[in-house]
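# Task: produce atomic coordinates for the following.
(2 chains)
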Amino acid sequence: MIDPRILREEPETVRASQRARGEDESIVDQLIELDERRRSAIARADSLRAEQKQLGKSIGKADGDERETLLAQGKDLAAQVKSAESEQSAAEESFGELHAKLPNVVHPEAPPGGEDDFVTLKHAGTPREFDFTPADHLDLGERLGALSTERGAKVSGARFYFLTGVGAQLQLALLNLAAAQAVENGFQLMIPPVLVRPEIMAGTGFLGEHASEVYRLEQDDLYLVGTSEVSLAGYHSEEIIDLSAGPVRYAGWSTCFRREAGSYGKDTRGIIRVHQFDKVEMFVFCRPEEAEAEHARLLAWEEEMLGKVELPYRVIDVAAGDLGTSAARKYDCEAWVPTQGAYREMTSTSNCTTFQARRLNTRYRDADGKPQLAATLNGTLATTRWIVAILENHQQDDGSVRVPAALRPYLGGKELLQPVS
RNA sequence: GGAGGCUUCGCCUAGUUGGUCUAUGGCGCCGCACUGCUAAUGCGGUUGGGGUUUACGCCCCUCGCGGGUUCGAAUCCCGCAGCCUCCGCCA
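As a prediction, the model looks like this:
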């Protein structure tokens, strides 16, 4: 949720943001109107309650006929208060409902437009020239005995897979490398719950437009997280945290679950797009004025990881229309996938400013000791999908795969993954 | 799955015959006074949110959450949640 004061004081900023996202800007005026209705309802109910309290006190002292008269007045007033209160809550509810639908105000420098309107910020490394026809990650993985999508489909359905043997080891190596880097940089490593309550899922902004992406356990009224961002954002909900020593940084290691609704036919081969994968995710709480600098640091840490696994990649400034509900700005790192001849998303870092914290009520005390809303940011350090890029980019003509030096210590020193068949 | 207990303003805590509860006291924290310094002591302040106001201020809500009874609820009633204890079941 955005600050209702911005709606009142700078409605044009919000309209411009909606235009950049390609979304309805009339919502701004509807909200302003509902806000006015809400505030006048509050004022009416407040003053009636004040009157009722005064009267209540005099009833306590009065007796005899006077008391009877006052009691009758009180009864009448109670009815008025009741109706004013129900109008107040109706007004608050209709404002709140629409308010919750309004996405975060985008950063003024984020490129406007849709998915294809991103701006490329940089390229790192160059796609490798192959003197043989490169195999795709599924063929490679099967030959290495590293993964099985067939068994995944048999046991769980489409978009499920087994990581087997060296594949499972490779994923653990990758995630351990990411976790170690995070810890070195002062992050607190966390293994969070992957089932969360509705208010936490809603608080992170995933129950709006993207609700159909989320697995729900109806019997228990819980949601499976699509990223540990959700659990970590909820970690400090309803709290006032200490940010006086700078940003508070967590690295969450978790399995992530996504329904991938509406992606039928896309990326059906291999493990590029799956219902369940593992990820190490950075998550930061900081003061709003620190958020932009922190966003740059998160991006740098993501690039450091991509460098360690020796992948060519580019960094893009994601266009406004392709931002999530909560993000004001987002940078993706996309690694080269040789058999697709394309860059594919490996990491994504978002600056959510105070949008999530406002819903989750996570605050800090400023220099004057006043509670203020914190900013939240997140960014990927490694996921199962990285295996795709690692296998394809480091393959050799005999079907073996070179292990990047940084991963070797986590694979018992192994330099090469060899085909088993 | 069943039974019982607990939940008060950062922490601990008083308050449960409904009305001066505008929530007690202590710790911690902040300010002031006193004082070679520190400590101790004394005085004052210290939940959070919202509405209104140029401002000072005024007002409303907040005793786990949501309803209800009543002119009036921390206090009575109902539902829910969290924590703890016990019983049952179980990897």
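# chain center to the longest helix seen in chain A, what's the gap?
Among the segments of chain A that qualify as a helix by DSSP state H, the longest is helix A:64-101. From the chain centre to the centre of helix A:64-101 is a distance of 39 Å (Cα atoms, centre = their mean, to the nearest Å).
# same deal with stretch A:144-153?
Centre-to-centre, stretch A:144-153 and its host chain are 29 Å apart (Cα atoms, centre = their mean).
# average pLDDT across it?
Averaging pLDDT along stretch A:144-153 yields 96.
# now what about it, what contacts it?
For stretch A:144-153, the surrounding residues in contact (Cβ atoms under 8 Å, 6 or more residues apart in numbering) are A:138, A:140-142, A:159-168, A:170, A:269-271, A:387, A:391, A:399, A:401, A:417-421. Quick note: C-beta positions are derived from backbone N, CA and C, even for glycine.
# Pick out the residue nearest the middle of chain A.
residue A:229 (5.3 Å; Cα atoms, centre = their mean).
# any idea of the pLDDT on the residue nearest to residue A:1 when sequence neighbours are not counted?
In space, not counting the residues next to it along the chain, residue A:1 is nearest to residue A:358; the distance is 4.6 Å by Cβ to Cβ, 6 or more residues apart in numbering. Note for residue A:358: predicted pLDDT of 91.
# Nearest to RNA strand B: which residue in the stretch 101-250 of chain A?
Using Cβ to the nearest atom of the strand, the point where the stretch 101-250 of chain A gets nearest to RNA strand B is residue A:240, with a distance of 6.9 Å.
# Tell me the pLDDT of that residue.
87.
# Wasn't it part of a strand?
Yes: assessed by DSSP: H, G, I helix; E, B strand; the rest coil, residue A:240 belongs to a strand.
# thinking again about what came up before, from RNA strand B, how far off is the residue nearest to residue A:1?
Residue A:358 is 9 Å from RNA strand B, where distance means Cβ to the nearest atom of the strand, to the nearest Å.
# so who does the residue in the stretch 51-200 of chain A positioned nearest to RNA strand B touch?
For the stretch 51-200 of chain A, the residue closest to RNA strand B is residue A:74, as judged by Cβ to the nearest atom of the strand, at 3.0 Å. Residues near residue A:74 by Cβ under 8 Å, 6+ apart: A:52, A:55-56, A:59.
# Tell me the residues of the stretch 151-300 of chain A that contact RNA strand B?
residue A:240 (Cβ under 7 Å from any atom of the strand).
# which residues of the stretch 151-300 of chain A score low on pLDDT?
The model of the stretch 151-300 of chain A has no residue with pLDDT under 70.
# Could I get the full set of helices for it?
For the stretch 151-300 of chain A, the helices defined by DSSP state H, counting those that start in this stretch cover A:166-184, A:198-203, A:228-235, A:291-308.
# which one of those helices lies closest to residue A:366?
helix A:291-308 (14.6 Å; Cβ to Cβ).
# Using CSV, write out the CA atom coordinates for whichever helix or strand comes after the closest one.
Per DSSP states H and E, helix A:291-308 leads on to strand A:313-317 as the next helix or strand towards the C-terminus. C-alpha atoms of strand A:313-317 as CSV (Å, rounded to 0.1, in the frame of the first residue of the first chain):
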residue,chain,number,x,y,z
TYR,A,313,25.0,-12.3,-18.3
ARG,A,314,23.3,-8.9,-18.8
VAL,A,315,21.6,-6.7,-16.3
ILE,A,316,18.3,-5.1,-17.2
ASP,A,317,16.2,-2.3,-15.7
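# quick one: the helix or strand just after strand A:313-317 to strand A:313-317, angle?
Using DSSP H and E, the helix or strand that follows strand A:313-317 in sequence is strand A:329-337. Orientation of strand A:329-337 against strand A:313-317 (axes from the mean of the first three to the mean of the last three Cα atoms, to 10 degrees) gives an angle of 160 degrees.
# Okay, buried residues for strand A:329-337 please.
A:329-337 (16 or more other Cβ atoms under 10 Å).
# how about the residues you listed in a markdown table, adding distance to RNA strand B and pLDDT?
Putting those into a markdown table (distance: Cβ to the nearest atom of the strand, whole Å; pLDDT from 0 to 100) gives the following:
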| residue | distance to RNA strand B | pLDDT |
| --- | --- | --- |
| A:329 | 25 | 97 |
| A:330 | 27 | 98 |
| A:331 | 31 | 98 |
| A:332 | 34 | 98 |
| A:333 | 37 | 98 |
| A:334 | 40 | 98 |
| A:335 | 38 | 98 |
| A:336 | 43 | 98 |
| A:337 | 39 | 97 |
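# For these, give me TSV that also has distance to residue A:101.
Output for those, formatted as TSV (distance: Cβ to Cβ, whole Å):
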residue	distance to residue A:101
A:329	20
A:330	20
A:331	26
A:332	25
A:333	30
A:334	30
A:335	34
A:336	38
A:337	36
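# per-domain residue ranges of chain A.
Chain A breaks down into these domains under automatic domain parsing: A:4-101, A:115-417.
# Just name the most buried of the ones you listed.
The highest mean neighbour count among the domains of chain A, using mean count of other Cβ atoms under 10 Å, belongs to domain A:115-417: a mean of 19.
# picking that back up, and the contacts of residue A:74, which is closest to residue A:88?
residue A:52 (14.1 Å).
# check contacts around the closest one.
Residue A:52 neighbours (Cβ under 8 Å, 6+ apart): A:74, A:77-78, A:81.
# what helix or strand does it sit in?
Counting by DSSP H and E, residue A:52 is part of helix A:26-61.
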